[in-house]
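K.L.:
model the structure of this input:
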Amino acid sequence: MIALSLAEIAEVVGGQTHDIPDPSVQVTGPVVRDSREAGPGSLFVAFAGERVDGHDFAASVVETGAVAVLGTRPVGVPAIVVDDVQTALGALARHVVRRLGATLVALTGSAGKTSTKDLIAQVLRRKAPTVFTPGSLNNEIGLPLTALSATEETRFLVLEMGARGIGHISYLAGLTPPKVGLVLNVGSAHIGEFGGREQIAQAKGELVEALPPEADGGTAILNADDPYVRAMASRTKAKVIFFGESGEADVRAENVRLTDTGQPSFRLHTPSGASDVTMRLYGEHHVSNALAAAAVAHELGMSADEIAVALSEAGSLSRWRMEVTERPDGVTVVNDAYNANPESMKAALRALAAMGKGRRTWAVLGKMAELGDEALAEHDAVGRLAVRLNVSKLVAVGGREAAWLQLGAYNEGSWGEESVHVSDAQAAVDLLRSELRPGDVVLVKASRSVGLESVAQALVESGAEGEVSAR
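P.N.:
As a prediction, the model looks like this:
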């Protein structure tokens with residue numbers, strides 16, 4: 001964080017100082033909510049949760065070097081006391097962002113936010129110091145903490161914004177007002193909470209409404225291939241840039257193909273030139289993500305050649321997202337278990353089919369959460385797609401939703417041993433350990449709550465230990 005005195009922080013957040021001998025002492029380190037991350041010069045933000053109360057760690061964080069605690073009550077060590085910690089954290093982030101000389105880029109969408117954010121960050125940091133959201137910390141707490149990690153040297157601040165209802169993105173954009181706003185897509189993620197795609201589009205479009213006018217440097221970057229996103233052009237006064245595979249897009253891809261290993265390759269076209277890209281990431285869905293990142297980078301002054309090189313060398317920065325491990329025995333494990341929605345599940349299956357040409361393929365799939373009334377139809381559709389893509393075996397893990405996955409596969413013509421329903425992650429591991437053969441490709445994917453990353457991790461560890469069937 002930029003250096004701020006405790007007195008200034010107290011004023012910004014409307015708090016009272018307690019047990020602070022010298023209010024001119026500055027916070028020079030990170031602002032953290034995890035006591036294990038506190039260190040010299042840091043500010044510890046104490047949230048009181050259902051099971052853990054951050055205030056209980058106040059003394060220990062000060063012992064490790066934290067300057068003070070931001071909380072809702074005095075704790076016997078230097079503290080700034082406020083009525084609401086989340087509100088105070090947001091106010092502090094807003095204050096710091098105003099002081100920064102950085103260009104703030106915000107992005108949202110139903111699928112691909114984190115992968116695209118990671119691509120944008122890897123491209124932009126070739127041009128100037130860049131700070132970006134770690135993982136998927138895109139909510140009312142994670143976003144301001146990311147903004148507060150920026151320093152005087154930061155030139156680009158890339159923030160992922162999530163939403164579970166109308167008004168959420170407006171709130172986040174108010175904390176960290178963006179200059180560039182990117183909307184990736186409007187899909188089915190959280191449709192059970194929103195009530196429909198129209199409501200999702202309304203929520204995602206709050207980002208472009210928050211942008212400054214074009215005369216003040218505001219730029220909206222929109223997916224030309226998604227009609228809901230394309231329509232958002234009428235909701236902003238910012239400059240509009242379209243990306244996509246459509247011929248009308250300002251930043252587009254031509255000659256898209258997948259390599260023999262399932263990695264996308266294409267000709268990138270921008271308003272200032274064209275260049276070839278071959279990505280290290282897996283799956284054709286990353287083409288759209290790459291075009292979004294390219295549109296942001298082009299708008300911020302990078303050439304087509306610079307962008308193409310950066311995209312070709314970019315990797316995955318966030319765990320459990322198409323994380324590919326080649327075992328010594330030739331089994332390939334694709335851990336995409338961080339989260340799942342219908343769009344990302346279908347994209348992962350297509351990537352599996354591309355990666356597994358000439359090999360046996362396994363789709364180990366679980367529940368897609370928060371789909372509401374669409375849950376049965378969406379799980380059925382994923383099971384059917386696995387069959388149409390000629391996935392060798394579907395392993396549906398869990399309860400009712402897993403049964404729907406298998407039913408979809410059965411209704412599409414899969415029966416016998418081509419699809420199986422198991423009760424839990426351990427049952428899936430036991431099955432795979434007994435039946436995997438050298439050269440097989442295994443995709444593991446479900447919503448985060450299912451915890452299927454344990455299956456992928458067990459398979460990777462089995463390979464390291466030499467456990468594989470010789471059948």
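K.L.:
list phi and psi for Val45.
P.N.:
phi -100, psi 120 (degrees, to the nearest 10).
K.L.:
name whatever forms a beta bridge with it.
P.N.:
Judged by DSSP bridges, the bridge partners of Val45 are Leu70.
K.L.:
which ones are touching Leu405?
P.N.:
Leu365, His379, Asp380, Val382, Gly383, Ala386, Leu394, Ala396, His421 (Cβ atoms under 8 Å, 6 or more residues apart in numbering). In short, each C-beta sits where N, CA and C put it, glycine included.
K.L.:
go through the helix or strand harbouring it and flag the buried ones.
P.N.:
In this assignment (DSSP states H and E), Leu405 forms part of helix 400-411. Buried residues in helix 400-411, counted by 16 or more other Cβ atoms under 10 Å: Glu401, Ala402, Trp404, Leu405, Gln406, Leu407, Gly408, Ala409, Tyr410.
K.L.:
also stretch 151-169?
P.N.:
For stretch 151-169, using 16+ other Cβ under 10 Å, the buried residues are Thr154, Arg155, Phe156, Leu157, Val158, Leu159, Glu160, Met161, Gly162, Ala163, His168, Ile169.
K.L.:
out of those, list just those in helices.
P.N.:
His168, Ile169 (DSSP state H).
K.L.:
helices of the stretch 251-400 of the chain, start to end?
P.N.:
286-299, 304-313, 342-355, 375-388, 400-411 (DSSP state H, counting those that start in this stretch).
K.L.:
what about the residue lying closest to Ala402 once chain neighbours are set aside, how many neighbours?
P.N.:
Among residues not flanking Ala402 along the chain, Ala396 sits closest, at 3.9 Å (Cβ to Cβ, 6 or more residues apart in numbering). Residues lying near Ala396 (other Cβ atoms under 10 Å) number 29.
K.L.:
distance of Ala396 from Ser188?
P.N.:
Computed as Cβ to Cβ, to the nearest Å, the Ala396 to Ser188 distance reads 19 Å.
K.L.:
go on, Leu70?
P.N.:
Separation of Leu70 from Ser188 (Cβ to Cβ): 38 Å.
K.L.:
off-centre distance for the helix holding Leu405?
P.N.:
28 Å (Cα atoms, centre = their mean, to the nearest Å).
K.L.:
got it, and stretch 273-283?
P.N.:
On Cα atoms, centre = their mean, the centre of stretch 273-283 falls 20 Å from the chain's centre.
K.L.:
residues contacting it, please?
P.N.:
115, 253, 259, 261-268, 286, 290, 303-305, 307-309, 311-316, 322, 324, 334, 347-348, 350-351, 354-355.
K.L.:
CA atoms only for that stretch - export them in CSV, please.
P.N.:
Output in CSV follows, covering the C-alpha atoms of stretch 273-283 (Å, rounded to 0.1, in the frame of the first residue of the first chain):
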residue,chain,number,x,y,z
GLY,A,273,-1.9,-4.6,-37.0
ALA,A,274,-2.0,-8.4,-36.9
SER,A,275,0.2,-11.1,-35.5
ASP,A,276,0.1,-14.9,-34.8
VAL,A,277,-0.6,-16.4,-31.4
THR,A,278,-0.2,-20.0,-30.1
MET,A,279,-1.2,-20.3,-26.5
ARG,A,280,0.2,-22.4,-23.7
LEU,A,281,-3.3,-22.7,-22.2
TYR,A,282,-5.6,-25.6,-23.1
GLY,A,283,-9.0,-25.3,-24.8
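K.L.:
list the buried residues for that stretch?
P.N.:
Ser275, Val277, Met279, Leu281, Tyr282, Gly283.
K.L.:
can you tell me the SS state at the most centrally placed residue in the chain?
P.N.:
By Cα atoms, centre = their mean, the mean C-alpha position of the chain lies nearest to Thr114, the distance being 2.2 Å. Put simply, Thr114 is helix when judged by DSSP: H, G, I helix; E, B strand; the rest coil.
K.L.:
does Leu452 really touch Ala363, like I thought?
P.N.:
No. Taking contacts as Cβ atoms under 8 Å, Leu452 lies outside contact range of Ala363: 11.4 Å.
K.L.:
overlap in contacts of the two?
P.N.:
In contact with both Leu452 and Ala363: Lys445, using Cβ under 8 Å, 6+ apart.
K.L.:
check Ala470 and give its pLDDT.
P.N.:
Note for Ala470: predicted pLDDT of 30.
K.L.:
again but with Ala347, I slipped
P.N.:
89.
K.L.:
the nearest residue to it once chain neighbours are set aside and Val96: what is the separation?
P.N.:
In space, and not counting its chain neighbours, Ala347 is closest to His285: 3.6 Å by Cβ to Cβ, 6+ apart. According to Cβ to Cβ, His285 and Val96 sit 35 Å apart.
K.L.:
what's the answer for Phe242, then?
P.N.:
Per Cβ to Cβ, Phe242 is found 32 Å from Val96.
K.L.:
and what of Ala337?
P.N.:
Distance of Ala337 to Val96, computed by Cβ to Cβ: 35 Å.
K.L.:
neighbour count winner among these two?
P.N.:
Legend: neighbour count by other Cβ under 10 Å for Ala337 and Val96, higher for Ala337 (29 against 22).
K.L.:
off-centre distance for the lowest-mean-pLDDT helix or strand in the chain?
P.N.:
The helix or strand of the chain with the poorest confidence is helix 191-194; it has a mean of 82 (mean pLDDT, DSSP states H and E). From the chain centre to the centre of helix 191-194 is a distance of 19 Å (Cα atoms, centre = their mean).
K.L.:
what does stretch 69-86 give?
P.N.:
On Cα atoms, centre = their mean, the centre of stretch 69-86 falls 31 Å from the chain's centre.
K.L.:
over to stretch 152-161?
P.N.:
That offset, for stretch 152-161, works out to 16 Å (Cα atoms, centre = their mean).
K.L.:
show the average pLDDT along it.
P.N.:
97.
K.L.:
likewise for stretch 93-112?
P.N.:
Rounded mean pLDDT across stretch 93-112 is 95.
K.L.:
with stretch 407-416 instead?
P.N.:
Stretch 407-416 comes out at a mean pLDDT of 85.
K.L.:
ok, back up a step: wait, what's in contact with the residue nearest to the centre of the chain?
P.N.:
Thr133, Gly135, Ser136, Glu160, Ser318, Arg321, Tyr338.
K.L.:
repeat for Arg448
P.N.:
Ala337, Tyr338, Asn339, Ala369.
K.L.:
looking at those, which one is closest to Ala3?
P.N.:
Ala3 has its nearest neighbour among those in Tyr338, at 35.0 Å by Cβ to Cβ.
K.L.:
ok, the closest one to Arg448 distance?
P.N.:
Tyr338 is 6 Å from Arg448, by Cβ to Cβ.
K.L.:
Gly193: how many residues sit nearby?
P.N.:
Let me fix one detail, which is that residue 193 is Glu and not Gly. So Glu193, with other Cβ under 10 Å, has 15 neighbours.
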